[in-house]
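In: my questions are about this predicted structure, shown below with the sequence.
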Amino acid sequence: MTHDSDKEIFVTQPYLPPLEEFMPYLESIY
Amino acid sequence: MPTCIIHQIYYSPQSFTKLDSGFTPLNNSDGPPEVREYWPIREYFLNNAVNDDDLIGFFSPLFYEKTGLTSADVYEHIAKNPGNDVYLFNPYFHIAAWHLNIFTQGEMSHPGLIKILNETMQLMDVKIDVGNIVMSSTNAVYCNFFVAKVKFWKQWLMISEFIYALSEIDDTDHGKFLSSNTSYIKEDLPMRVFIIERIASLLLANPNSWKTSSKLIFKDMQHQTDKPIPFLEKMLALDSLKSAFIQTQNPLYLNTYNFEREFLMINYGLRV
């Protein structure tokens, strides 16, 4: 497993995919 | 099996629709909203006859949303683990696992929480630094999602009532701080709400005083386990090390917990 140690991972926040992956869904709503 | 009554609080027609029919509805429509669930719990014990061995619980309307558990799941867990004083249904396993205890976690969101609670306990002649207590899934619970015998509730109510009274009538800086607002997700709430939420865990931190059974809950962990590390496994390991320390008091377990936590921060960028 690789990990970019410069990136922070937050224990208390859920991991979400990048916004671009959500955009098609958002566009279909609005 | 002793009498077991688990209430689910509602405060509006909308919140009533979220109730699980297997729990007993408890109307808090007229309760002061700034006290949250402390008010209906307080009112219940002040106005109802109960026996020391009765098991009682008070869940919010968001119980299912936060835990994924139905009333049947809760009653089944209790039936399969008879003889305990307190049953914990903590919805935030990973948060309790990561932090040393729920007070150090609370301090980050509500600065001053540890100092004011230490001072409050000292007023009751209890000298304790809640920031140093070690907690794990064996004794930490958020949201008041626990079912306990009345003898536990009596101690809970005694401390909580003291805090509530201080916040209502004490005109010193101490009392004012308990009633002052601190930030929460959607709105500000008085500090006392977040302190009272932690009183059950404070009582359970007294070793060997209560027999507990914890239902481990990993709801919505999909978003957490999508993190680019074996997240749940790491949290389980941290929780296990703290639980082992609580049981044995062997400092090696606590040292290893601190080492592993530091390792995750340095090598994986894990943050609060």
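Out: Now that the structure is in, tell me what you want to look at. These figures come from a predicted structure and were not determined experimentally. Numbers count the residues shown, from 1 in each chain, chains lettered A, B, ... in the order given.
In: spell out the secondary structure type for the closest residue to chain B within chain A.
Out: As assessed by Cβ to the nearest Cβ, chain B sits closest to A:P14 within chain A, at 3.4 Å. Every residue, glycine included, has its C-beta placed from N, CA and C. Classification of A:P14 using DSSP: H, G, I helix; E, B strand; the rest coil returns coil.
In: I'd say it and B:D220 touch.
Out: Yes: with contact defined as Cβ atoms under 8 Å, A:P14 reaches B:D220; the gap is 6.9 Å.
In: how far does stretch B:102-121 sit from the chain's center?
Out: On the basis of Cα atoms, centre = their mean, to the nearest Å, stretch B:102-121 sits 14 Å off its chain's mean C-alpha point.
In: could you give the average pLDDT over that stretch?
Out: For stretch B:102-121, the mean per-residue pLDDT is 95.
In: which one's the longest strand in chain B?
Out: What stands out as the longest strand in chain B, according to DSSP state E, is strand B:4-10.
In: for chain A, give me its nearest residue in the stretch 151-272 of chain B.
Out: Residue nearest to chain A within the stretch 151-272 of chain B: B:H223 (3.4 Å; Cβ to the nearest Cβ).
In: count the neighbours of that residue for me.
Out: Counted with other Cβ atoms under 10 Å in any protein chain shown, residues neighbouring B:H223 total 13.
In: helix/strand/coil for it?
Out: Under three-state DSSP, the three-state class of B:H223 is helix.
In: contact partners for the residue nearest to it when sequence neighbours are not counted?
Out: Residue nearest to B:H223 in three dimensions, not counting chain neighbours: A:P14, with 3.4 Å by Cβ to Cβ, 6 or more residues apart in numbering or on different chains. Contacts of A:P14 were listed using Cβ atoms under 8 Å, 6 or more residues apart in numbering or on different chains, and they are B:220, B:223-224.
In: can you list the residues of chain B near chain A?
Out: Within chain B, the positions near chain A by Cβ under 8 Å from any Cβ of the partner chain are B:94-95, B:98, B:220, B:223-224, B:226-230, B:235, B:267-272.
In: need the next SSE after the lowest-mean-pLDDT helix or strand in chain B, C-terminal direction.
Out: Across the helices and strands of chain B, the lowest-confidence element by mean pLDDT, DSSP states H and E is helix B:221-225, at a mean of 82. Once the chain leaves helix B:221-225, the next helix or strand it forms, by DSSP states H and E, is helix B:231-248.
In: which strands or helices does that following helix pack on?
Out: helix B:93-98, helix B:221-225, helix B:251-268 (3 or more Cβ pairs under 8 Å, 6 or more residues apart in numbering or on different chains; DSSP states H and E).
In: point out the most buried one among those.
Out: Across the helices and strands packed on helix B:231-248, averaging neighbours per residue (mean count of other Cβ atoms under 10 Å in any protein chain shown) puts helix B:93-98 on top, at a mean of 22.
In: hang on, B:F194 in a strand?
Out: No: per three-state DSSP, B:F194 lies outside any strand segment and is helix.
In: nearest spatial neighbour of the residue in the stretch 1-150 of chain B that chain A sits nearest to, chain-adjacent residues omitted?
Out: As assessed by Cβ to the nearest Cβ, chain A sits closest to B:W98 within the stretch 1-150 of chain B, at 4.5 Å. Leaving out its chain neighbours, the residue that sits closest to B:W98 by Cβ to Cβ, 6+ apart is A:V11, at 4.5 Å.
In: give me the contact list for stretch B:169-178.
Out: Here stretch B:169-178 makes contact (Cβ under 8 Å, 6+ apart) with B:112, B:116, B:119-120, B:123, B:163, B:166-168, B:190-192, B:195.
In: apply 6 Å and report the result again.
Out: By Cβ atoms under 6 Å, 6 or more residues apart in numbering or on different chains, the surrounding residues in contact with stretch B:169-178 are B:116, B:166-167, B:191-192.
In: mind checking which of these are in helices?
Out: Among these, the members falling in helices (DSSP state H) are B:116, B:166-167, B:191-192.
In: confidence score at residue 30?
Out: If you meant another chain, say so; for now it's chain A. pLDDT for A:Y30: 59.
In: look at chain B instead
Out: Reading off the model, B:D30 has pLDDT 94.
In: wait, is it part of a helix?
Out: No: assessed with three-state DSSP, B:D30 is coil; it does not lie in a helix.
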